[in-house]
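Colleague: have a look; sequence and predicted model below, questions after that.
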Amino acid sequence: MCACLFAHVWIGDKALDGYSKKKYVCKLLFIFLLGHDIDFGHMEAVNLLSSNKYTEKQIGYLFISVLVNSNSDLIRLINNGIKNDLSSRNPTFMNLALHCIANVGSREMAEAFTSDIPRILVAGDTMDSVKQSAALCLLRLNRTSPDLVPMGEWTARVVHLLNDQHLGVVTAAASLITTLAQKSPDDFKTSISLAIARLSRIVTSASIDLQDYTYYFVAAPWLSVKLLRLLQCYPPPEDAALRSRLTECLETILNKAQEPPKSKKVQHSNAKNAVLFEAISLIIHHDSEPTLLVRASNQLGQFLQHRETNLRYLALESMCTLASSEFSHEAVKTHIETVINALKTERDVSVRQRAVDLLYAMCDRSNAKQIVTEMLSYLENADYSIREEIVLKVAILAEKYAVDYTWYVDTILNLIRIAGDYVSEEVWYRVIQIVINRDDVQGYAAKTVFEALQAPACHENLVKVGGYILGEFGNLIAGDSRSSPLVQFNLLHSKFHLCSVPTRALLLSAYIKFINLFPEVKATIQDVLRSDSQLRNADVELQQRAVEYLRLSCIASTDILATVLEEMPPFPERESSILAKLKRKKGPGHLPDIDDARRNVNGSTEHSESSEATSTSSAHPFTDLLNMNSAPSAGGSLLIDVFSDNSTPAPTDVCEENFCRFVCKNNGVLYENQLLQIGLKSEYRQNLGRMYVFFGNKTSTQFLSFSSAVTSQDLLKTQLNVHTKKVDPVIEGGAQVQQILNIECVSDFTDAPVLDIQFRYGGALQKIAVKLPVMLNKFFQPTEMTSQDFFQRWKQLGAPQQEVQKIFKAKHSMDTDVTKAKILGFGVALLDRVDPNPANFVGAGVIHTKNTQVGCLLRLEPNTQAEMYRLTLRTSRDSVSQRLCDLLSEQF
């Protein structure tokens, strides 16, 4: 057949008319789709592009899209044919040409047409169908060759396509603008107002108003989703009217989701839920409207028991993110019983895994024991694919929220008993570190592991933990005849023959420790060390240990033995290897949630409570013994970036976009663009603070020559000391690194330091400057007062220069619980029943600096009818009063 076609096409091509060429080219295309190679007929397909008949031109473009590659000799002829059609102003031919460019999508196509397509897109006389094709074609080229798509004057005009009368054009433009906004957000910032306006018109319209774009009684669901996704490229609008309109849109979407379904068809529910979940994603992204966040949490909770597996999965996944928000964490916690039930009864393993993730995310000090108990219970029957991850999460939660460390020891030993094969070295290393670092739990740990080892079958990891702890602290339980030195030794040695070589080596080290602790068992242990099974062991490591330990016990005096085999010193503080392992297991593309230290309703943070509980054994006041808030650093590269630009960078505009959001909270995302995410965790005590800065690479390409430094104005340098630790110069694609800043407040201040970041991405030098949220109120210590003490102190601070008062309009809803949370987050103690008017809020605290302490009293009087506040602050320093008033008034 191919020979026949060849004869027709190649030999007799002069006699073929357009119809015949089309027919034979179509047959060649069919033969290729059957799996045969085609090496002729390409020129005839190119010739079809010059035909004025639609069917012939269509087959020509189809053949080229499927068979012609970018290295073809005919590519120049093809490009000429495409250019002719693009300039023909015939909408049908223009669409065919645009479809071909998008289908091929090669770099050569992008180089040839990226200047023509934007012109067609924004031209006033272009047909709507051509605009759609042009927008999608440009989107395709941007995905394949982003560096070739120019950001010129057309960018401002393409934004206005969101106002187009044709919803098909708006839908295509929304897809294009969303992608381009991720690349150059500043160029498309004007799209925010247009997107909100268009979204408002859609969500408030009846289904009959948009008949052509209504899908099963849902008005333009695809366009709604695209607009919501576009808005997620930007922070909440600063304009109050625009922000209010967006809030109304989101509330309307949430309300419509609660309405009875207008159709029983699955397509109706799918479309409605798609818009709902995207709206919730936007609410989570903005993280600024407490009411919406709580509503979103409650509506997602309704999906947890939905019959559709996909909806249950999506609800659990979204609630994991909501759990990290200070506003919605408590609302998420109300669904704990439903999530636990899903963990026990859900058939789909992926949904069970999301349930585990949500329990992990919603855990705090109030429910830690319940969640850990349920996870341990589920672990016995858990799917093998997720057991290791559950083990890591249980170990992390038990460690992070362990107020009573006896509970922590019991939990880890139970974990080893239930899932010993999945307990990695990081887990049992960590329990040993904690036991060694805490004197108050050593005796209990020795007693507990001794009892656990008496079981007939013990996992090898339990033997390791038992050998180490009894070797160090067995003397603490040796007074009981049931756990005498000889009983301890015999118990450990009864497990020796069942263990692997590394565990046997550890037990031999425990034996020599026993000789130092219990001289009465020295002869028994020496007999074991002298046995042929030890001195002539086939393993060199075991043989060497047995010989050296035996010789040491024979020739060393008691004093020398006590010196050589003294108790292990406390381990230095370092990052939690368990948390690092969990992050590695999640994969490089999954940046860990950095909002673990959430503020609870009384204003304190989970992390600071943990730090206070362990401060007695910390080298630094803010070093957490459990050290759960560290993140692993990406390994440094040995390669030198010889192209790095060492010259002084040009001044960069300082980003203050999210600065005010951190006045009443210590954790969250400080800065984010299409390349980099910067997150913060911070903790303060008296005049000292520590800030963990997380740099996340959102791309798949390395950041090279990465550097981060903190700069301050000359005056601020005398008021605030900031010491930084170096950050790795290379950040792998999808990875995250951490930088620690140690902060000391010397005297009161008003300015804030700036974080300067430089790195190379794709050969281009990137410079970012972000204002660090280090404010004076961070150094507050809350002070409890009686009503009498408060008003006595209030009168003492009655000098005019000591008081600052401000009356201002409320910017947010005047919710009492939110106001309390913000005042507590500001750092002062909230004093109940002090003010004669119960609607008023009264607080007290002390600002700690290195040079002095400044007492502060505040009074916030809300007027809900007028939607106004009056804020009064009195401190012993007028500069402090003014600064605190400016900071707090911006939060309401």
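Modeller: Alright, I've got the coordinates.

Colleague: what about the closest residue in space to E541 that isn't next to it in sequence, neighbour count?
Modeller: The shortest distance from E541 to any non-neighbouring residue, by C-beta to C-beta, 6 or more residues apart in numbering, is to A505 (5.7 Å). C-beta coordinates here come from the backbone N, C-alpha and C atoms, glycine included. When counting by other C-beta atoms under 10 Å, one arrives at 18 neighbours for A505.

Colleague: residues near D539, how many?
Modeller: 11.

Colleague: got the contact list for it?
Modeller: Listed by C-beta atoms under 8 Å, 6 or more residues apart in numbering, the contact partners of D539 are V501.

Colleague: phi, psi of it?
Modeller: Per-residue torsions, D539: phi -90, psi 130 (degrees, to the nearest 10).

Colleague: tell me the helix or strand right after the helix or strand of the chain with the lowest mean pLDDT.
Modeller: The least trusted helix or strand in the chain, going by mean pLDDT, DSSP states H and E, turns out to be helix 606-614, with a mean of 36. Sequence order places strand 654-655 as the next helix or strand after helix 606-614, per DSSP states H and E.

Colleague: strand partners of that next one, parallel vs antiparallel please.
Modeller: strand 764-771 (parallel) (DSSP bridges).

Colleague: what helices and strands are in contact with the next helix or strand after the partner strand?
Modeller: Next helix or strand after strand 764-771 toward the C-terminus (DSSP H and E): strand 780-782. Applying 3 or more C-beta pairs under 8 Å, 6 or more residues apart in numbering; DSSP states H and E, one finds that strand 780-782 contacts strand 841-848.

Colleague: partner strands of the strand it packs on, parallel or antiparallel?
Modeller: Note on strand 841-848: by DSSP bridges, its sheet partners are strand 780-782 (antiparallel), strand 829-830 (antiparallel), strand 853-863 (antiparallel).

Colleague: so what's the gap between the second one and the chain middle?
Modeller: Using C-alpha atoms, centre = their mean, to the nearest Å, the distance from the centre of strand 829-830 to the centre of the chain it belongs to is 31 Å.

Colleague: contact partners of it?
Modeller: By C-beta under 8 Å, 6+ apart, strand 829-830 touches 603, 782-785, 820, 823-824, 841-845.

Colleague: got a PyMOL select line for the buried ones in these?
Modeller: Of those, the buried ones go into a single PyMOL selection, burial set by 16 or more other C-beta atoms under 10 Å:
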select buried, resi 603+782+783+785+820+823+824+841+842+843+844+845
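
Colleague: what is the nearest of the contacts of strand 829-830 to T701?
Modeller: The closest of the contacts of strand 829-830 to T701 turns out to be G603 (C-beta to C-beta; 41.5 Å).

Colleague: could you list the buried residues of stretch 388-401?
Modeller: Using 16+ other C-beta under 10 Å as the test for burial, stretch 388-401 gives 388-401.

Colleague: with stretch 484-504 instead?
Modeller: Buried-residue list, stretch 484-504, by 16+ other C-beta under 10 Å: S484, P485, V487, Q488, F489, L491, L492, K495, F496, C499, T503, R504.

Colleague: what's the answer for stretch 437-454, then?
Modeller: 437-438, 441-442, 444-450, 452-453.

Colleague: coming back round to it: CSV for the strands paired with strand 841-848, including mean pLDDT?
Modeller: Below are those laid out as CSV (pLDDT from 0 to 100):
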stretch, mean pLDDT
strand 780-782, 87
strand 829-830, 86
strand 853-863, 88
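
Colleague: those strands: which one's closest to V746?
Modeller: Per C-beta to C-beta, nearest to V746 of these: strand 853-863, 12.9 Å.

Colleague: run through who's touching that closest one.
Modeller: Identification of contacts with strand 853-863 by C-beta under 8 Å, 6+ apart yields 748, 780, 783, 790, 793-794, 797, 810, 814, 819, 823, 828, 835, 837, 839-847, 868-877, 880-881, 884, 888, 892.

Colleague: for that strand, the distance to its chain's centre please.
Modeller: 35 Å.

Colleague: one more: stretch 388-396?
Modeller: On C-alpha atoms, centre = their mean, the centre of stretch 388-396 falls 18 Å from the chain's centre.

Colleague: now it: average pLDDT?
Modeller: Computed over stretch 388-396, the mean pLDDT rounds to 89.

Colleague: put the alpha carbons of that stretch into PDB.
Modeller: These are the backbone C-alpha positions of stretch 388-396, laid out as PDB (Å, rounded to 0.1, in the frame of the first residue of the first chain):
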ATOM      1  CA  GLU A 388       7.200   4.100  59.100                       C
ATOM      2  CA  GLU A 389       5.700   7.500  58.600                       C
ATOM      3  CA  ILE A 390       3.200   6.900  61.500                       C
ATOM      4  CA  VAL A 391       6.100   5.800  63.700                       C
ATOM      5  CA  LEU A 392       8.000   9.000  63.000                       C
ATOM      6  CA  LYS A 393       5.000  11.100  63.700                       C
ATOM      7  CA  VAL A 394       4.200   9.400  66.900                       C
ATOM      8  CA  ALA A 395       7.800   9.800  68.000                       C
ATOM      9  CA  ILE A 396       7.800  13.500  67.100                       C
END
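
Colleague: that older thread, helix or strand: which one has the residue nearest to E541?
Modeller: helix 501-517.

Colleague: and the helix or strand immediately after that helix in the chain, which residues are buried?
Modeller: As assigned by DSSP H and E, the chain's next helix or strand after helix 501-517 is helix 522-530. For helix 522-530, the neighbour count (16+ other C-beta under 10 Å) marks K522, T524, I525, Q526, V528, L529 as buried.

Colleague: report the contact partners of L359.
Modeller: L359 makes contacts with I336, V339, I340, L343, I371, E374, M375, as judged by C-beta under 8 Å, 6+ apart.

Colleague: ok, now L498?
Modeller: By C-beta under 8 Å, 6+ apart, the contact list for L498 reads E460.

Colleague: with distance to S708 and pLDDT added, can I get the contacts of L359 in a markdown table?
Modeller: Shown next, in a markdown table, are these (distance: C-beta to C-beta, whole Å; pLDDT from 0 to 100):
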| residue | distance to S708 | pLDDT |
| --- | --- | --- |
| I336 | 39 | 91 |
| V339 | 38 | 91 |
| I340 | 42 | 90 |
| L343 | 40 | 86 |
| I371 | 36 | 93 |
| E374 | 41 | 91 |
| M375 | 37 | 91 |
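
Colleague: for ChimeraX, write a command that selects the buried ones of these.
Modeller: Buried residues within the contacts of L359, by 16+ other C-beta under 10 Å, are selected in ChimeraX with:
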select :336,339,340,343,371,374,375
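
Colleague: any chance of the contacts of L359 in TSV, with secondary structure and distance to Q801 too?
Modeller: What follows is these, written out as TSV (DSSP: H, G, I helix; E, B strand; the rest coil; distance: C-beta to C-beta, whole Å):
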residue	secondary structure	distance to Q801
I336	helix	51
V339	helix	55
I340	helix	57
L343	helix	60
I371	helix	52
E374	helix	57
M375	helix	57
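
Colleague: now, which of the contacts of L359 sits nearest F32?
Modeller: For the contacts of L359, the closest approach to F32 (C-beta to C-beta) belongs to L343, at 52.1 Å.

Colleague: quick one: the closest one and E374 touch, right?
Modeller: Yes - contact criterion C-beta atoms under 8 Å: L343 and E374 qualify, at 6.8 Å.
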